[in-house]
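*Asks:* dropping the sequence and predicted coords here.
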Amino acid sequence: MKLMNKVFAGLVATGVGLATTAAFAGDIRVGITMRMVSENGQAYGQMVMDEIKAINDAGGINGNMIKATLMNDECKSDKGVANANKLIFQENIHLLIGSTCSSVSLPIVDVTAKAGVPQMIPHSTNAKITQKGSEWVFRIPVSGRYYGGVNAKYVGENIGSKIAYICAADAASVGDCANMEKQMRARFGVDPAYRADVQEKEVDFRSHMQKIKSMNVDGILVAALAETMARALIQSYEAGIGEDVRRIGSSSASNAPVPKIAGDAAKGVFFTAAYAAADNRPIAKLFNEMTRKRYGIHAPDHDFSQAYDLVRIMEIALNNADLQLEQWSLKQDRTAIRDAIASVEGYEGLASGPISFCAAPTPQCRDGNRTAVLIGYTKGGENFETEVLARVTMEPDFGLE
Amino acid sequence: MVFLSRIADLIDALASRHRLLPWLIAYVMLLPLPFIMSTFFNSYLIDLANRACLFILLAVGLNIVKGFCGQVTVGHIGLYAIGAVTSAVLSLEPGGFGGALGFGLPVWVSIPIAILVTAFAGLIVGLPSVRLEGAYLALATLGLGESVRIFIAVTPALGSSTGLMMIPAPSIGSFVFDSFTSYYYLVMTAALVGIYFSFSILRSATGRAFQAIREDTIAASVNGINVIKYKLLAFVLSAIYAGLAGALFAHMPPGYLHHNNFTVIEMVTLLLMVVLGGIGNVWGGVIGAIVVTIAYDQTKDLVVYFMDRPIVVQPLVFGLSMVLLVLFMPRGIGGWFEGVLRNRRFIKRSEEKLGGTARNSQS
Amino acid sequence: MGFDFNSLLAFIIFGVTIGVVYGIVALGISLIYSGLDIVHFAHGEMYMFGAFFGLVLAHNVGVPYPVALIGAMILTAILGMLVERVFYRRLTRAGGGYTVAGMGMIICGFGMSVALVNAAYFFFGAEAEPFRANLDYIPRLTFPGDINVPESYVLTAIISVLLMAGLHYFLRHTKTGLAVRAVAHNKDIAYLMGINVPLMISLIFGLACGLAAAAGVLIGPMQSVQVEMGYLMLMKAFAAAVVGGFGSLPGAILGGIMVGIFENLGAAYISASHKDIYAFLLLILVLMFRPSGLFGVEAKVKA
Amino acid sequence: MLEIKGVHAGYGNLKILRGIDMQVPSGGIVTLLGGNGTGKSTLLKAISGLIPLMEGEIIFDGVSVSKLKPHERMRLGLVQVTQAKEAYPAMTVEENLVLGAYTRKDREATKADLQKVYDFFPVLRERRKQLSGTLSGGEVQMLVIGRGLMASPKMLMLDEPSAALAPKVVLEIFANINRIAKSGVTVLVVEQNVRMALILAQYGYIIRDGVIMMKGEAKKLISDPAVKESFLGGSVSDTTKALRN
Amino acid sequence: MALLETRNLSKSFGGLQAIDKVSLKVEPNTVHGLIGPNGSGKSTFFNLLTGVYQPDEGSHISFNGIDITRSPAHKIAELGLARTFQLLRLYGELSVLDNVMVGYHPHTKYGPLAPLINGAEVRRQDKVVREEMEELLEFIGLAEYAEIPAAELSGGQRRLLALGRAIAMRPKMLLLDEPGAGLSPVNVDNLMSTIMTLKKRYNLTIIVVEHILKVVMSTCDTISVLDHGQKISEGAPEFVKGDPAVVEAYLGREMADEDIRAAMDA
C-alpha cells in the first residue's frame, strides 16, 4: 500500500521532471507521429529514424544535426492530436511528420495550421486533408482522388463496366470506393452492379460473395485494409466465383499482408498504388534490396517508398532553407522550412512519378504526387511477385469539383 | 499524514466562514496555472491539463453511478460519444466540409441540447439496471456503449470513418475559445463545478440514497427509497457529466471527432482512473483522472526492444497495473485518503465527548 | 434485392458455420460463469492465444493440424490455469470463498485482457498471420443452390460437435465431471464431499480456455490470426452465452448458432455495415426481456 | 476421536468463536446445542476446515488437522453432513450419493456401500433417478445423511438434521442417526431441538456467544433446570416452566 | 380499527407453499408476537408485509386503512411501516450517522435534484435532520460512533443501529425480525427494555418475530403461531401456551422422553 503510493508519487514527479526538459538550440527538431502498433508501422517508423540517422552520420544538414522524436498515435485522432501538441509546444519541433492514418492526419492539419508548423504527410490518402486549405501541409503519397480515376479508367477500358463493390468502413477505403464509383459514373455512366458497405474489420464475406456469384459481374472491387481485403479475396474463391471475374484492390492491396494472407487468391488482383516493387529502375532495385536486408521484408510496399521519399524531400528542403536554429528564431525557421518544401519541384524519387509542390494552400499545390501505378499480382504467398500494368499521371485538379 | 490533517483542518476552518470559500480559493489558485505553465514549463502542459479536466468530469460522473450507487456500468464512454457527436452535429454548418449532418446552431445552444440528449441516453443505458445487476448489467451496458460507437462508425451523417471535422469552438462575441489557455478556463470551470455538484449530491439525501442502494438494495427499498427511481437518476446524473465532457471535447480545438476515440480501451482507461482514485470517492476520481492522464502522457513514447522489435510497453503496463491495483489496492488512493480523514473526525468527536455521559453500548 | 429461398438457405448455413465457433467460445464463458461466478472478460484473449499457439505448432514446429489443435488446447489451458491461479484466485479469496464477482472482477478482467493483448504483441507481433492447414481429407460440401461450404467450415462443425459431446460425456458420466458440477453449484459442500475444490477450479478454467483455444485454431484457416482478434469474438460469445442462458452449456452452443444466423441475416437483408450491432442488439433484447436466456434454466437476476 | 482445544475462529476481522474446548469420544453420539447465531455453525465450519482457525488446535483420531484443507480432513474420515437444503438439486439422487464417495478409490466397496445406503433408506432407492430437487424435506435429509455415509466416515457431523421437518419425520431421522451410531460411527449432532437431541445423545455441549456455556451427560442436562433456564430457544412447555419459576 | 390487517395472505415459491392463507389483525399500540418453528414462514411473512416479496393472487394486506397488497417496498415504508432484518442488512460502508439518516429518507422534504438546484435549502434541512438523528444516536447509545462505518461496530452495537435505523423512519408500526438472535440473556433483557421504551416514546405498534419464547411471552399482548405457512393459533400468551395445536407443532405428539427414546432405538 505504502509502496504503491510511493510508486505513483514517483511517477508524477518524473512526469513533471520530463516535461521541463528544455529544447536546445542548434538542432533541427523533427517530430513524428504514426501508428506504431502494426509491424509495418513499426518498420516505417524505423526506416524514417534510420534515414535521419544516416543524414546525421553524413554530417547533418549544413552541419546541423536532426533530432527526431517518434511517438505512437495508435491510429487514434485524440492521441495523434495530443502527440502533435506535445511535439509542437513541448519539443518545439521545426517540422512534423505524420500521420499514417487519414483520421489522425485530418485533425493534425488544423493543429499545424494554427501553430504554424510545416507538416508532411507520409501516408494518408484521404482527399480532404489538402482541401482544408492549410498553408502548412504537404502530402507525399498520391491522393485518393487520383487513384479512383486511374482505377476507373483501366477497369472500364479493359475489364468491363459491371462491377461489384465491397467497401470497408475505414477512412481510406470509403474514399477509394466513392472515388471509383464517381469516376465510373462520370466516364462510363454506370452504377455499381452490387455494393456492400461492410465493417472495417469484417471477417465473413460469404453472404456477399454468394450474392455476387449469381450476378455474373465483370469484376469485384474490394476496398479494405490489408487483412480484411485478404479475407474477402479468399472467400470470393471459396464461394466459387471463377478466375475470369477480376478482383480489383484498393491501394492497401500494395501492403505485404495481402498476398501473404490471401496466398493464391492474391494472384490476378490488380490495384493502383504509388510504388511497384517490380519497378525496373536501378534506384528502385537498390531500394528493394535495402529494405529487404534491413527490415527483413520480401518487398517494400508503397508505404515504405513514400516514407523514404518523404525523408529525401525533407532533406532537400532543409538544405535549401535558411535556418537560424536559435531559441528566438523558431517561428522564422518553421516558415523557412515550409517555403523550402513548397519550392521542391520535380523530385524524382522512388515514387511513381515526379513530386512537385507549390506555394498556394490548395490541393493542386499540396498533393505533390499525381502518378499512380497499376500493379498486378502474378504470384501470392510470402514470396509474392508483381508486375506493372501501367503508369498514369493525372491533371492537378482531377477529382475536384 | 499530519500534513494531510493540517490541510483538512484549514479547509474546515475556511468552510466554517462560508462554505463556498474553499472552492473560491481553489478556483482562484487554479486561475494562474496556464501562465505558470507556459512561463516556467511549456504551453503543452495546458493542453494536458485541459484533457485532464475532461477526464475529471468523466471520472467524477462515472463515480456517481458506479461509486455512489454501485451500478456496474461499462457503457459510460458511449454516453461521452453521444454528448460529443450530438453537440458537434448540432453546431456544424449544414452541408459543411466534412459531408456530415449539420444544423449550424451556436455552440452555447448545442452544448445544453447535447447534455439533454445524453441525459436521455443515460436513462436508456440505465434501464437494464432495473432488472439486472452485476455481470449482467456490465454486459448490457457494454453492449449499449459499443453499439453507440459502431453506429457512429458506420453512419456517414455522424462522421463514420472520416470523422467529424472543423467543429466550431465556442465564442463570446468576437472572443473565441480556441487557444489552450482560453479553453482551460472553460474546462477547468466545468470540472470544478462538476466536482462541487458531485459533493453536493453525495452530501444530501440523494447521495445517501445512492449509497444505501449500493450497500443493500433490499434494505434501501424497505427504508423507503424508490430504488428504481434513484438508480435511473444516478445514470442520468452521470450521463449529464459525460454529455458535458463529450460536448467540451468536441469543441476543443482542433474540433475533430472520430469513433475510435470512444472504444473499450478508453472505457478501460476511465475504469482505471476510478479504481486508482478509489471507487465511491469524489476526490479519488479527480486524483485518478489526473494521475492517469499524466502517466499516460509521459509513458507514451516509452519503447522497449524485444527480440529486435520495438514494443510500445505502455498498454501492457497499463493493463497490468489495473489488475494489480484491483488485487492489492482495491480502495485506491482515495480510499486511503478517506480513511485518514475519517480517523481524524472520529478522534475529534471522541475528544469532544471526553468526559461526557454517553451511554455505553452493549456487548 | 429480390428474395429467394436459395440465398436465404445460404445465409442460414453461413450463420450456422460461424455460429458454432461463437458457441464454443461461449461454452467456455458459460463454464467459467457457472463454475466460478466470474464473467471472464479476458476470454477473447485466451481464444487469441490459442490460435497463435496452434499457428506456432503447425507452422514453426510443423506438426499436423489435428495435433496442433490438441496442443494449442493444452497450452492455452495451462495459460488459463496460470492466470486464474496467480490473479483471479487472489481476488476471489479476498472476498471469502470463491464467489465474489462484481466490480473488482470486471475491472480485473478488462485489465487482464489489455495486458494479455499487449503481451501477445511481444511474442507474436502485430501482423495478421495466415493459418494454412492441409485439410484435403475433409470433404467439401455443396448444398443445393450452388452453396459451397469449404473444408475448414465442415471441419469446424465436426470438431464442435465432438467437443460438445466430449464435454457432455465428461460432465455427466465421469466422476471428475460430477465433481466439477458439484463445485459449480456450491464450493463449500463440494469441499465437504472431499473434493479438491482449488484443483477443480483450475480444471474448469483450463477446460474453458482449452475450448477457446480450439475455437481459435478452428477459425484460423477461415480467417487469419491476429493479436486483436479476441475482442470481437468475446463480444459475440457473450451475446451467444446470454442468448442461450448464461451458465447453460447446450444453451451456449444454440445461442452461438442463433447469433451467427441473426447477424448474417441482418447483414444480408438490413445493412452489412451494422453487422456487429446485431449481436449486441440480440444481447440487449434478451437481457431486457428474458434475462435467463432463451434456453436457460436459472439466471442470477435479482428477485 | 475428536478433540478441540481453545479454538478461536470467525470471518475476516469478526471473531465468533472465542476459545472452544470440546471432546467427542469414540463411538456414541455427542450433541452441540445452541440457538441461532450462537456460533455452532461456525464451529462446524472450523472443524471441517471451511474457515481457518485464528487460534487453537483440532485433533482428529490422534492427528492434528488444524492446517489441513477440508478435502484432506475428509479423507481422514471426518465427514460433515451439510444442511438438507444443501443437497445438489440439479443432480439425481444416485449422483449425489456417488459424490459422497468421491474420495474413495475402492470401487467394489463403494458399490456395496451404495446398496447399504439404499437398504438403510429404501425410499432413496425408489427415487435414485430423480433429481434431488424434487424430493421432500425428509427425503433430502436422508439423502444428505446417506451421502455422508458413502464416504465411509469414522465420524459424522450433522448440521441441524431436524430443521424445518415435521415432528414425525424428525423422530424417524433421529432413529436413523441412532442406528448409524450403533454401527460404529461416532456422531456429532448440532441441534436447536434441545429435547430431542438430548434424548438421542449421550453427552451434550451448550454453546452461546462463541463459548461453551455448559456441558455434561445428556441425561443430567435434560433434567437440569439450569439448562431450561438458560436455553431460551427450547420448547413451549420448557419455557412456560421457566417463566413460572 | 386494526392498524394492519391481512386476509388470505399466500405466497408460494415454486411448489412450496411458504405462506398459506394467513389472516391477521394487529391493533394499534400493541405488541404482537409471531412465533413458529424454523421454516414456518415467519420471515416470508415479514417480506410480504414490507413489499420485498409480492404475494400471490387473492391475498390482501391493508395498513392504516390503505391497501398495500401490491405496493412497492418504498411506498409501504413511506406509509410508516418499518422493519429490521434478521441479518440486519446495515449499510456497512456508510457511517453510523449516515445509516440512520438513510432511515429518515421517507421524510426528506426536498426532491432528489434539489442538491443541484437549491443547495442552501438542502443544507439547512440536513442540518436539522442531522441534529435530530444525533439525538437518536445519543438515545440508543451510539453517539460517539457516529462517524465510524457501520461494518466496524460490534455485534450488539449493530443490532442497536439496525433498530435505530428503523426508528429513524418515524414509523407507525415496527416489524422486528429476531431482534435477540445471537445476544446473551442479559443483553436480550436490555434490548427488550430498549424496545419497550422506544414503543412508548415513539408511540409504536410492534410485531416481533422471535425464537426466544421468554421474550415473546413476557412482552407481547397477542401472539400468533405459524406452522408450515399456516396460522395455527392466536391469542393472549396464556392461551397460546396452552393451545394443544401449538404444543403439537413444537413438540410433535405429546410423548414422554422414554417413549421417544424407545422410538429412536427401534
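*Replies:* Ah, there it is. Residues are numbered from 1 along each chain as shown, chains lettered A, B, ... in the order given.
*Asks:* which stretches of the stretch 201-350 of chain B have low pLDDT?
*Replies:* Applying pLDDT under 70 to the stretch 201-350 of chain B flags residues B:305-311, B:345-346, B:349-350.
*Asks:* nope, chain C is what I meant
*Replies:* Filtered on pLDDT under 70, chain C yields the residue ranges C:1-3, C:92-103, C:145, C:296-303.
*Asks:* so which residues of it form strands?
*Replies:* Ranges of strands in chain C, per DSSP state E, are C:141-143, C:147-149.
*Asks:* quick one, what contacts the most centrally placed residue in chain D?
*Replies:* Centrality entry for chain D: nearest residue to the mean C-alpha point is D:Leu158, 1.5 Å, by CA atoms, centre = their mean. Residues in contact with D:Leu158 (CB atoms under 8 Å, 6 or more residues apart in numbering or on different chains) are D:Val81, D:Ile145, D:Gly148, D:Ile177, D:Val187, D:Leu188, D:Val189, D:Val190. For every residue, glycine as well, the C-beta is placed using N, CA and C.
*Asks:* can you tell me how far it is from chain E?
*Replies:* 14 Å (CB to the nearest CB, to the nearest Å).
*Asks:* can you give the domain ranges for chain A?
*Replies:* Domains of chain A are assigned by automatic domain parsing as A:2-124+A:282-350, A:145-274+A:373-393.
*Asks:* now render those as JSON lines, adding distance to B:Gln298, mean pLDDT and mean neighbour count.
*Replies:* Shown next, in JSON lines, are those (distance: least, CB to CB, whole Å; pLDDT from 0 to 100; neighbours: other CB atoms under 10 Å in any protein chain shown):
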{"stretch": "domain A:2-124+A:282-350", "distance to B:Gln298": "4", "mean pLDDT": "83", "mean neighbour count": "20"}
{"stretch": "domain A:145-274+A:373-393", "distance to B:Gln298": "29", "mean pLDDT": "87", "mean neighbour count": "22"}
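*Asks:* so which of those domains gets nearest D:Lys111?
*Replies:* Nearest to D:Lys111, of all the domains of chain A, is domain A:145-274+A:373-393, at 52.1 Å by CB to CB.
*Asks:* ok, and the closest non-adjacent residue to B:Leu33?
*Replies:* Distance criterion CB to CB, 6 or more residues apart in numbering or on different chains; nearest residue to B:Leu33, sequence neighbours excluded, is B:Ala49 at 6.7 Å.
*Asks:* so what's that neighbour up against?
*Replies:* Under the contact definition (CB under 8 Å, 6+ apart), the residues listed for B:Ala49 are B:Leu33, B:Pro34, B:Met37, B:Tyr184, B:Met188.
*Asks:* just A:Gly80 next, same as before
*Replies:* Taking CB under 8 Å, 6+ apart, we find A:Gly80 in contact with A:Thr33, A:Asp73, A:Gly98, A:Ser99, A:Cys101, A:Val104, A:Ser105, A:Pro107, A:Ile108.
*Asks:* quickly find the element holding it.
*Replies:* helix A:77-85 (DSSP states H and E).
*Asks:* the following helix or strand past that helix: partners in the sheet, and parallel or antiparallel?
*Replies:* Using DSSP H and E, the helix or strand that follows helix A:77-85 in sequence is strand A:95-98. Next to strand A:95-98 in the sheet, as set by DSSP bridges, lie strand A:27-34 (parallel), strand A:119-121 (parallel).
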